[in-house]
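Engineer: Here is a sequence with its predicted model. Questions after.
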Amino acid sequence: MRVFDHPEFDHHQQIVFGCDEASGLRAIIAIHDTRRGPALGGLRIYPYADEDDALTDVLRLSRGMTYKSALADLPLGGGKAVIIANPRTDKTPALLRAMGRLVESLGGRYITAEDSGSGEEDMRLIREETRHVSGLGHDGESGDPSPFTAHGVFCAMKSAVRYCFGRDDMKGLRVAIQGVGHVGAHLARELHEAGAQLVLTDVDRDSLGLLSDELGALSVAPEEIFDAEVDVFAPCAMGAVLTEGVAGRLRARAICGAANNQLATPVVAELLHRRGILYTPDYVANAGGVIEVEAQRHENYDRDAVMRHVERIAATVDEILARAQAQDTSPAGIADQLARERLQG
């Protein structure tokens, strides 16, 4: 396995491989950038096919966290952690405590939080070994950042809809949501309340059926979601779903979702632009969760202030889309450029 010439290596400051024989832990922590503050990023637990796949994911995700925090105006750098394991069958208290010791070994340069495959109870176990954990809630309330992530995506989508369709409301807007887990379900409910018409899919057919019945939404098989006759496509499952093939199939005129690393390759951004499909950069739209997680680190937590901060995501999307329109280019490159400007400034 090569690191420094890996295609996703982007001058990452530190990459740590951790192993614990007793618990079976096999983990990677990537710290991308700490110029603005400690590297905060969630812990993803996933049964990667091999170490190369895990390294690719953690390198991409950690860089995305750097850009996300910069554009969300947070005093944080970017990092991420992955454990190569099945979260349903391999996750044990011993494994999580071993992960906590690995986080602790970095002395605060990396702060972990929940992500795909990990939850608040897992963070409490990790917290037994390190204080460098966020997302544990305040005053007995849940620390789940999903509602904040979903609301940020909703705000970003309103901005994209203004640019794409010249309207300020969501009534009658047709939105396809790929993935109705924690974030996707919250987003679906918020869009339903705003009057949108929903097309939903998920690999968990039971959860999909329950939510579709609750919201009166149309449910389709996972592969059919790309061909849905909708205005907006919202990827809210795993990353790399926007492939060159999908870019050619999509019927939607705008993309705005919660999934990380939605673009399979940078080429896809240009293909979408050529087709006139407006792509809202994922790490801008889905920053609500990290805004909430950062706020939880402080004693003077103010939920209303957090929500106001999350809603400023729309202004950032406005700035990116305006620049992209003026330069006749994809918003993806503009977002990267704006993030780098803020890191250097």
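Structural biologist: Alright, I've got the coordinates. Numbering: from 1, shown residues only.

Engineer: quick one, strands of the stretch 1-150 of the chain?
Structural biologist: Assigned by DSSP state E, counting those that start in this stretch, the strands in the stretch 1-150 of the chain fall at 14-20, 25-33, 39-46, 77-84, 110-114.

Engineer: got the contact list for the first one?
Structural biologist: Applying C-beta atoms under 8 Å, 6 or more residues apart in numbering, the external contacts of strand 14-20 come out as 3, 25-31, 55, 58-59, 95, 98-99, 101-102, 105-106, 109. Where you see a C-beta, it was placed from the backbone N, CA and C, and this is true even at glycine.

Engineer: Quick one: mean pLDDT over it.
Structural biologist: Mean per-residue pLDDT for strand 14-20: 98.

Engineer: And the last one, by the same measure?
Structural biologist: Averaged across strand 110-114, the pLDDT comes to 95.

Engineer: Kindly give a single ChimeraX line that selects the buried subset of the contacts of strand 14-20.
Structural biologist: Here is the ChimeraX command that selects the buried residues among the contacts of strand 14-20 (16 or more other C-beta atoms under 10 Å):
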select :25,26,27,28,29,30,31,55,58,59,95,98,99,101,102,106,109
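
Engineer: hang on, residue 290 in a helix?
Structural biologist: Yes: applying DSSP: H, G, I helix; E, B strand; the rest coil, one finds residue 290 inside a helix.

Engineer: Tell me who's in contact with residue 23.
Structural biologist: Neighbouring residues of residue 23 by C-beta under 8 Å, 6+ apart: 92, 94, 95, 97, 98.

Engineer: Identify the bridge partners of the nearest residue to the last one once chain neighbours are set aside.
Structural biologist: In space, residue 98 comes closest to residue 20 once its chain neighbours are excluded; the distance is 3.8 Å by C-beta to C-beta, 6 or more residues apart in numbering. When bridges are called by DSSP bridges, residue 20 pairs up with residue 25.

Engineer: State the distance from residue 20 to residue 27.
Structural biologist: In this view, residue 20 and residue 27 are 8 Å apart by C-beta to C-beta, to the nearest Å.

Engineer: Please enumerate the shared neighbours of those two.
Structural biologist: Joint contacts of residue 20 and residue 27 (C-beta under 8 Å, 6+ apart) are residue 102.

Engineer: what about the residue nearest to residue 98, neighbour count?
Structural biologist: 16 (other C-beta atoms under 10 Å).
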